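**Q** A structural model of the following input is requested.
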Amino acid sequence: MNDGRVRLRPLRISDIPFMHKQLRDKDILKAIGLTRPFTGSWFHLWWRLRKTLIFRYAIEADSRLIGFIGLHRLMPGISAELTLLIADEKSRRLGHGARAFTLLAQNLEKYSSTRKLIVRVRPDNEAACSFWEKMGFEMRYDEYGMHVMSAELKFPD
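**A** Here you go, the predicted structure:
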């Protein structure tokens, strides 16, 4: 999936050292709601991502890996939870996350894969809450100290 500025491609095992490094950064961990760094090997991380995320895509901008987006807890035709991370700090707040989300959402709508997307956001992560609101997500409820937000997808006629 590509929009000319951002490309989503399947996450490869060769991307895992980059992700492994990012999942040790305290700011990134806080942003995605984790309290401890990932301590396993990069191979363990690869296995964990393959087991957890049904669809996993690397996000590239200017042919550089900058983050990833993935779906988990998929209930076909009903809902899925979404994880999006722009790990490269210099690539944040440039619209890459919005473009990656839009590409994925358009693909899900095209193939009628799911009707609702759900994200979980730490309440103190105001940037993420604002981002998801701009993407059309609405606050639903709090669960285990996380805001649960959702958005309905539109299917083609």
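**Q** Quick one: find the helix or strand in the protein with the lowest mean pLDDT.
**A** helix 26-31 (a mean of 63; mean pLDDT, DSSP states H and E).
**Q** could you point out which element follows that one?
**A** Using DSSP states H and E, the next helix or strand after helix 26-31 towards the C-terminus is helix 42-52.
**Q** and the helix ranked longest in the chain, how far from the chain's centre?
**A** Counting residues, the longest helix in the chain under DSSP state H turns out to be helix 96-110. Taking Cα atoms, centre = their mean, to the nearest Å, one finds helix 96-110 lying 11 Å from the centre of the chain it belongs to.
**Q** List the buried residues of that helix.
**A** Of all the residues in helix 96-110, those buried under the rule 16 or more other Cβ atoms under 10 Å are 96, 97, 99, 100, 101, 103, 104, 105, 108. (Glycine included, C-beta is placed from N, CA and C.)
**Q** per-residue confidence averaged over that helix?
**A** When pLDDT is averaged over helix 96-110, the result is 92.
**Q** For that helix, which helices and strands make contact with it?
**A** On a contact count with 3 or more Cβ pairs under 8 Å, 6 or more residues apart in numbering; DSSP states H and E, helix 96-110 meets strand 6-10, strand 55-61, strand 64-75, strand 79-86, helix 126-134.
**Q** now the angle between strand 6-10 and the second one, please.
**A** By that I understand strand 55-61. Put simply, strand 55-61 runs at 150 degrees to strand 6-10, going by axes from the mean of the first three to the mean of the last three Cα atoms, to 10 degrees.
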